[in-house]
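S.K.: Have a look at this prediction, sequence included:
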Amino acid sequence: MCNGATIRRHEVNGEIFIARVIHGGLADRSGLLYAGDRLVEVNGLSVEGLEPEQIIQILARSHGTIMFKVVPISDRPVNSQTTLYVRAMADYCPQQDPAIPCAEAGMSFHKGDVLEIVDQTDTLWWQAKKLPSTSCCAGLIPSTSLLKRKQKEFWWSQPLQTHTCIKTLSTVDEEEDMMAIDDKCVETDEETFESEDEFSRNVEGIYLAGFRRSLRLCRKRSHTSIHQQPCYSHCPRSCYSALANPYEEVVRYQRHPEDTNRLIALVGPSGVGVNELRRRLIEINPKAFSGAVPHTTRMPKMYEESGREYHFINKELFENMVYNHRFVEYGEYKGNMYGTSVNAVSEVLGSGKICVIDIEPHAIQSVRTQKLKAYIIFVKPPSAARMKQTRKNAQLITNYYINRPFKDEDFQEMEDAVRKMEHQYCQFFDHVIVNDRLQDSCVQLLTAIRRAQDEPQWVPASWLCPTDQS
Ligand SMILES: Nc1ncnc2c1ncn2[C@@H]1O[C@H](COP(=O)(O)OP(=O)(O)OP(=O)(O)O)[C@@H](O)[C@H]1O
């Protein structure tokens, strides 16, 4: 009965009851029907002995005014619930759920949608609105415990497969990459990419930290070395955590002008242009934006200063920092460790600047913390045809060549990587930029960053909880 209420049949005596009144629906607004009322007649017809489906057919055939005769429930529940806001960590479609009491009363949602839960009286079926909402009428959604159960059932019904964490351009097979050698490409070795590292150059006395090739190459390799483990053990807070927590409680957060800025974390497939965007942003206003100085275990070069290009530390200290979860992300390249620490990010934020870093998607959860309050911007490529047009002079950094022109396969691989990233992590993206024309993307990035700092945003409720030590 989806015109604002659902009905159920008492298992023992067969009587028909109002199971729930849909928040904001016709029945709710009339103020005459309540969950628990006993239905006696519809349009003068007794419902005794009828199945709920038969009653629904009577209603479907009715036109104009519908008359209900009900025996009101003796103790009407007082609605003392407070509204709860959550972000969905999973998709839900009522039309594909045979267990929903009334599919038409259900509400579909996708990962990342913010839902206003208006009624949690039923332990299995909650009522919610999707925000921003234009409808006054709520829809049925599974409660946390029910959705968890559904997710687990679905998970177990899938053939066992080791989840391959996102493969990006960076993981092109060595052999394949060698075959595709272009004469103009420069083969990388430690010396070439360190000495020709234009990304770490000094802009008006300000060093662009965190752009060095060694660091970026180590991140590419980290896919194949450190991180290629089954998804459920490797990404416990992404896919597997949706099973544990299908709804994340969120609150509206407006940064106070005196609070530290929120960290801006760019995520995107390798080669899409996150470093180009980041570099341009910092060059536009180095007083406002900065990267974080990474740590490394490699020896400093003559011209390098600890704390400027890198924090140079020994392997033991690095391992200790890993052990104590002090890195946002880290990896190994040519026998040396590289990483971006939480402290390096905090230092930039503490100086009053906006820290802009780029991270691999599996590191998203390490920056979604009370301390860093990261605003995640997903950078995705335009269509392959547009990529071909706009990236004519662009160059890729791969594991083996520092400057290789893009090939058609690169665009295809980028699209595949985007699909996987969106599938696994889209619920964490606060904003998405399609990096088509560079100028436009820079403007979009600046606007998004300004909004992240100055306008109210939905953030995890745990960030504002005083007891959370994260
Ligand atoms: N919108 C754009 N139009 C044209 N060229 C672009 C655009 N964005 C980036 N590029 C170019 O594409 C190439 C790759 O960009 P960039 O190095 O920023 O990629 P990335 O996403 O940081 O990946 P990686 O970390 O693997 O290098 C560079 O030559 C860059 O100048």
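M.R.: Arrived safely.
S.K.: what about the residue nearest to residue 269 when sequence neighbours are not counted, which SS state?
M.R.: Among residues not flanking residue 269 along the chain, residue 417 sits closest, at 3.7 Å (C-beta to C-beta, 6 or more residues apart in numbering). (C-beta placed from N, C-alpha, C; glycine too.) Of the three states, residue 417 takes helix under DSSP: H, G, I helix; E, B strand; the rest coil.
S.K.: Kindly report the same for the one 10 residues further on.
M.R.: Assigned with three-state DSSP, residue 427 falls in the helix class.
S.K.: Run through the stretch 201-350 of the chain and note the low-pLDDT ranges.
M.R.: Applying pLDDT under 70 to the stretch 201-350 of the chain picks out residues 201-207, 221-243.
S.K.: give me the residue from it nearest the ligand.
M.R.: residue 273 (2.7 Å; C-beta to the nearest ligand atom).
S.K.: How about the backbone phi and psi for that residue?
M.R.: phi 120, psi 20 (degrees, to the nearest 10).
S.K.: quick one: the closest residue to it other than its chain neighbours from residue 298, how far?
M.R.: Closest residue in space to residue 273, ignoring its immediate chain neighbours: residue 435 at 4.6 Å, by C-beta to C-beta, 6+ apart. Going from residue 435 to residue 298 by C-beta to C-beta, to the nearest Å gives 31 Å.
S.K.: for the residue in the stretch 1-150 of the chain that the ligand sits nearest to, what are its contacts?
M.R.: Nearest to the ligand in the stretch 1-150 of the chain, going by C-beta to the nearest ligand atom, is residue 112, at a distance of 22.2 Å. Under the criterion of C-beta atoms under 8 Å, 6 or more residues apart in numbering, the contact list for residue 112 reads 87, 88, 426, 427, 428, 429.
S.K.: is it true that the fifth one touches residue 363?
M.R.: No - with contact defined as C-beta atoms under 8 Å, residue 428 does not reach residue 363; the gap is 10.9 Å.
S.K.: The residue of the stretch 1-150 of the chain closest to the ligand falls within a strand, correct?
M.R.: No - assessed with three-state DSSP, residue 112 is coil; it does not lie in a strand.
S.K.: Just grab the bridge partners of residue 42 for me.
M.R.: residue 45, residue 68 (DSSP bridges).
S.K.: ends of stretch 298-315, how far apart?
M.R.: 9 Å (C-alpha to C-alpha, to the nearest Å).
S.K.: Give me the distance from it to the chain's centre.
M.R.: 34 Å (C-alpha atoms, centre = their mean, to the nearest Å).
S.K.: got it, and stretch 424-444?
M.R.: 13 Å.
S.K.: close to the ligand, is it?
M.R.: Yes - under the criterion of C-beta under 6 Å from any ligand atom, the ligand is reached by stretch 424-444 at 435, 438, 441.
S.K.: what does stretch 287-306 give?
M.R.: No - using C-beta under 6 Å from any ligand atom, stretch 287-306 stays clear of the ligand, coming no nearer than 12.2 Å.
S.K.: so what's the residue lying closest to residue 457 once chain neighbours are set aside up against?
M.R.: Leaving aside its sequence neighbours, residue 457 sits nearest to residue 253 (C-beta to C-beta, 6+ apart; 5.7 Å). Shown in contact with residue 253 (C-beta under 8 Å, 6+ apart): 373, 456, 457, 458, 459, 463, 464.
S.K.: where along the stretch 1-150 of the chain do the helices fall?
M.R.: Using DSSP state H, counting those that start in this stretch, the helices found in the stretch 1-150 of the chain span residues 26-30, 52-61, 144-157.
S.K.: whoops, the stretch 151-300 of the chain was the one
M.R.: 174-179, 190-195, 213-224, 231-234, 239-244, 274-284.
S.K.: and residue 53, how many neighbours?
M.R.: Neighbour count for residue 53, taken as other C-beta atoms under 10 Å: 8.
S.K.: Can you tell me which of the contacts of residue 253 is closest to residue 20?
M.R.: Relative to residue 20, the closest of the contacts of residue 253 is residue 458; by C-beta to C-beta it sits at 27.0 Å.
S.K.: What are the neighbouring residues in contact with the closest one?
M.R.: Residue 458 neighbours (C-beta under 8 Å, 6+ apart): 85, 87, 114, 250, 251, 252, 253.
S.K.: partners of whichever helix or strand it is part of in the sheet?
M.R.: If you go by DSSP states H and E, residue 458 is part of strand 457-460. Using DSSP bridges, strand 457-460 pairs in its sheet with strand 247-253 (antiparallel).
S.K.: Next, the buried residues of the strand it pairs with.
M.R.: Residues 247, 248, 250, 251, 253 are the ones in strand 247-253 that count as buried (16 or more other C-beta atoms under 10 Å).
S.K.: so what's the third one closest to, chain neighbours aside?
M.R.: With sequence-adjacent residues excluded and distances taken as C-beta to C-beta, 6+ apart, residue 250 is closest to residue 458, at 4.4 Å.
S.K.: you'd agree residue 380 is up against residue 435?
M.R.: Yes - taking C-beta under 8 Å as the definition, residue 380 is a contact partner of residue 435 at 7.0 Å.
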